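# Here is my input; please provide its structure:
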Amino acid sequence: MKQDVALAHACRPINLGPTGLVTSAHEGRRNVLAAAWSMPVEFTPPRVAVVIDKSTFMRELVLASGMFARCLPCRGIADLTDAVGSRSGRDEDKFVRHGIAHFAGPALGLPLVGSNAA
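Predicted coordinates:
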């Protein structure tokens, strides 16, 4: 279920340490991966840090675009979170492969995972 959160409170759910979904896009290619290592680094404006291995396609997209989005998955898509963390997006579009519903984020236009994913 998508739930809007006030920008001033956007980092609060991340403090709990959940594995999240990170998305990015550049020049018509997009990707999603599971990220267990993330943390808030500033509250105003809200900023987060995410560890992304240097050999991944996601890292290439983030460096090329300068942007990423962080999605907090609900319990209903736990299997999806595991699946997107187990394969590379370099050779396939994981949104297509896993039937991930998504929408463009309001600020950056990056793909955000929809509530009816998987």
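
# Based on its surroundings, how many neighbours for Pro73?
By other Cβ atoms under 10 Å, 18 other residues sit near Pro73. Heads up, the C-betas are built off the backbone N, CA and C, glycines and all.

# From Asp53, how far out is it?
20 Å (Cβ to Cβ, to the nearest Å).

# which residues sit in contact with Asn31?
Applying Cβ atoms under 8 Å, 6 or more residues apart in numbering to Asn31 gives the contacts 23-25, 57-58, 61, 89, 94.

# any idea how far Lys94 is from His102?
The gap separating Lys94 from His102 is 11 Å, by Cβ to Cβ.

# So the two - more neighbours on which side?
Lys94 (20 against 16).

# Do I have it right that Val51 meets Leu33?
No - if you go by Cβ atoms under 8 Å, Val51 and Leu33 don't touch, sitting 11.1 Å apart.

# Who has more neighbours out of these two?
It is Leu33, of Val51 and Leu33, that has more neighbours when counted by other Cβ under 10 Å, with 26 against 10.

# Tell me, how many residues neighbour Ser65?
With other Cβ under 10 Å as criterion, Ser65 counts 16.

# Identify the bridge partners of the nearest residue to it once chain neighbours are set aside.
In this structure, Ser65 finds its nearest non-sequential neighbour in His26, 4.0 Å apart by Cβ to Cβ, 6 or more residues apart in numbering. Counting by DSSP bridges, His26 is bridged to Arg29.

# pLDDT-wise, which helix or strand of this structure ranks last?
Taking mean pLDDT, DSSP states H and E as the measure, the helix or strand of the chain with the lowest value is strand 38-42, at a mean of 82.

# Next secondary structure element downstream of that strand?
Reading on from strand 38-42 to the C-terminus, the next helix or strand found by DSSP states H and E is strand 47-50.

# surely Gly89 meets Ala25?
No - shown here, Gly89 and Ala25 do not form a contact pair, counting by Cβ under 8 Å, at 10.7 Å.

# in this protein, which helix has the most residues?
helix 57-65 (DSSP state H).
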